[in-house]
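In: I would like the atomic coordinates for the input below:
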Amino acid sequence: MSFNKEQYQSIIEQLHKQEVKLVAVTKTKPVSDVLDAYAVGQLDFGENYVQELVDKENELPKDIRWHFIGHLQRNKVKQIAPFVYLIHGVDSLRLLKEINKEGIKNNRRINCLIQVHIASEETKFGFAVSEIEKVIEDYLNQKNDGLCVKGLMGMASFTDDKSQVAKEFTALSELFRKLQNDHVATEQFNPEILSIGMSGDYPIAIAAGGNMVRIGSILFGKR
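Out: Purely as a prediction, here's the structure:
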């Protein structure tokens, strides 16, 4: 299956009404699929693998906003630092420091999200909910001219239990709102994005307060 234009239009109309941003996930998908989505106005695309992201960025229109949504290794930050629009999965202070270093080298602030572990599976990455306020405090106590933390990202458990998924998303949404209430927005910290929800659970994520969703398989088919 290639890009499903009708499905896209249906989803994008729904998201626009709720002021939710769509990141179209194109990992392992051909450049032609990206161009098909781009042709109908989609500008935000998500990739999981650094080399694939670099290759697509080299080949595709320069007004595309590239989101890195996979697990990012510190030694690969430099490959995407010149152009990446938003890094979704920052799961350690060491990675934050590396992004800051590469942002300074490239004379830009790299936008990123702190990944929070909300799922029952231990295999997923991210800080514990209980750690986040301390992480933000430690981050704000340092001078970071090369990045801006724009909010939080999380992935719910892979389960058919919708009540569990809703509970996990709601817990993260409450933490996100608390950060917004407790901090004045600055160039270094401006919590305005809550990136939760994928193809199988994005309606639950939106109901819980998410304002960015990462959707791939229902737009481009299974991988």
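In: Flag the shaky bits of the chain, pLDDT-wise.
Out: 1, 122-124, 223 (pLDDT under 70).
In: What's the biggest helix in it, counting residues?
Out: In the chain, assigned by DSSP state H, the helix with the most residues is helix 162-182.
In: tell me what that one is packed against?
Out: The contact analysis (3 or more Cβ pairs under 8 Å, 6 or more residues apart in numbering; DSSP states H and E) places helix 162-182 against helix 132-140, strand 147-154, strand 189-195, helix 202-208. The C-beta positions use only the backbone N, C-alpha and C, and glycine is treated the same way.
In: could those go into a markdown table alongside mean neighbour count?
Out: Listed next are those as a markdown table, based on neighbours: other Cβ atoms under 10 Å:
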| stretch | mean neighbour count |
| --- | --- |
| helix 132-140 | 15 |
| strand 147-154 | 25 |
| strand 189-195 | 20 |
| helix 202-208 | 20 |
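In: and the residue lying closest to residue 172 once chain neighbours are set aside, what are its bridge partners?
Out: Leaving aside its sequence neighbours, residue 172 sits nearest to residue 154 (Cβ to Cβ, 6 or more residues apart in numbering; 4.6 Å). With DSSP bridges applied, residue 154 shows beta-bridge pairing to residue 116.
In: and the helix or strand where residue 77 lies, what does it pack onto?
Out: Residue 77 belongs to helix 77-80 when assigned by DSSP states H and E. Counting contacts by 3+ Cβ pairs under 8 Å, 6+ apart, helix 77-80 packs against helix 50-59, helix 93-105.
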